[in-house]
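Participant: need coordinates for the following:
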Amino acid sequence: MDGFPVTASSPQPRLSAILSTLQGQPRTLPELSVTLGSSLSAIEGMLRMLFSSGYIQDASPQADGCACNGCSLKSLCRNADGELPPVNLLRLTPRGEAYLTRQTRTAYMRYVGQGHEIPVALPPDGIGDPAALRASFDREYARIFDRPVPGSDVEVMSYAVTVATLPDAPPAAVAPDAVPGTPRTQHVRDTATGAVTPWAVHDRPALAAGAMVHGPAIIAEDETSTLVGPGWTATVDSRGYLDLRRDA
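Facilitator: The predicted structure is shown next:
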């Protein structure tokens, strides 16, 4: 990212607009600047942040060939054949692609006077052009109700933005293990038979990942207790959750 010319300041685009511009084809910095209507100096800081956060990457050739490798964009990549001097191309990482698919913006719209709204998808970088928004509403309305209502005014009742983060990698699987320590016991009455029998009582914080508790037993903690009935086994998984299964 070093060495790019700095020009006069201009309005900064939104981060989602940068990602959307890179979606589908690698682009150079000047191309980004023209498409977004912002100077290089206006987008340089945001590009650095997107780089460091793992949303975009350099798609310039490496010693062993194109950094795009066998991606579906190779036919579009100006660095793929290696015949021309490399240009500084930027492309989305899988994290950047996932961001665009995990962020949705919706306008709930209706014809003036109606008692219900329909959801209309918005561009990832904002509301967009009002005429385009009206056209999107007409298309969605026609899809649901077969035809739009020409000449009727349209209003937006509310907006919604849904954003989801990328899930963390799941912890490594833990092999089942015996319950540590010696549990105390507590007499429990069976509500079906009326019989009173001793049940083992295990403290939840003392159960490490992989611990198995065979019923009848109680897994006790400050806020609640989990009953493991006869013929059931509870296993603490790699995230610390209790997985209860009926014995085979």
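
Participant: for the rest of this, base every contact and every neighbour count on C-alpha atoms.
Facilitator: OK.

Participant: helices along this protein, start to end?
Facilitator: 15-22, 29-36, 40-52, 94-101, 130-145 (DSSP state H).

Participant: please identify the buried residues of the second one?
Facilitator: Right, helix 29-36. 29-30, 32-33, 36 (16 or more other Cα atoms under 10 Å).

Participant: a markdown table for those, including distance to Val236 and pLDDT?
Facilitator: Formatted as a markdown table, these follow (distance: Cα to Cα, whole Å; pLDDT from 0 to 100):
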| residue | distance to Val236 | pLDDT |
| --- | --- | --- |
| Leu29 | 50 | 80 |
| Pro30 | 54 | 82 |
| Leu32 | 50 | 83 |
| Ser33 | 52 | 82 |
| Leu36 | 51 | 80 |
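
Participant: residue ranges with poor pLDDT in this protein?
Facilitator: Within the chain, the set of residues satisfying pLDDT under 70 comprises 1-13, 60-88, 101, 124-125, 165-181.

Participant: and it, what are its domain boundaries?
Facilitator: 15-99, 103-163, 184-246 (automatic domain parsing).

Participant: quick one on the thing from earlier: ok, which of the helices of the chain comes nearest Glu221?
Facilitator: Closest of those to Glu221 is helix 94-101, at 37.8 Å (criterion: Cα to Cα).

Participant: now do Arg184: how many residues are near it, please.
Facilitator: Counted with other Cα atoms under 10 Å, the neighbours of Arg184 add up to 12.

Participant: that one touches His202, doesn't it?
Facilitator: Yes: between Arg184 and His202 there is a contact under Cα atoms under 8 Å: 7.1 Å.

Participant: Gly151: which of the helices of the chain is closest?
Facilitator: Per Cα to Cα, nearest to Gly151 of those: helix 130-145, 11.2 Å.

Participant: give me the contacts around the closest one.
Facilitator: With contacts defined as Cα atoms under 8 Å, 6 or more residues apart in numbering, helix 130-145 is touched by 109, 118, 120-122, 127, 147-148, 154.

Participant: report the distance from that helix to the chain centre.
Facilitator: Average the C-alpha atoms of helix 130-145, do the same for its chain, and the two points are 27 Å apart (Cα atoms, centre = their mean, to the nearest Å).

Participant: would you mark the buried spots in it?
Facilitator: Result for helix 130-145 [16+ other Cα under 10 Å]: buried residues 133-134, 137-141.
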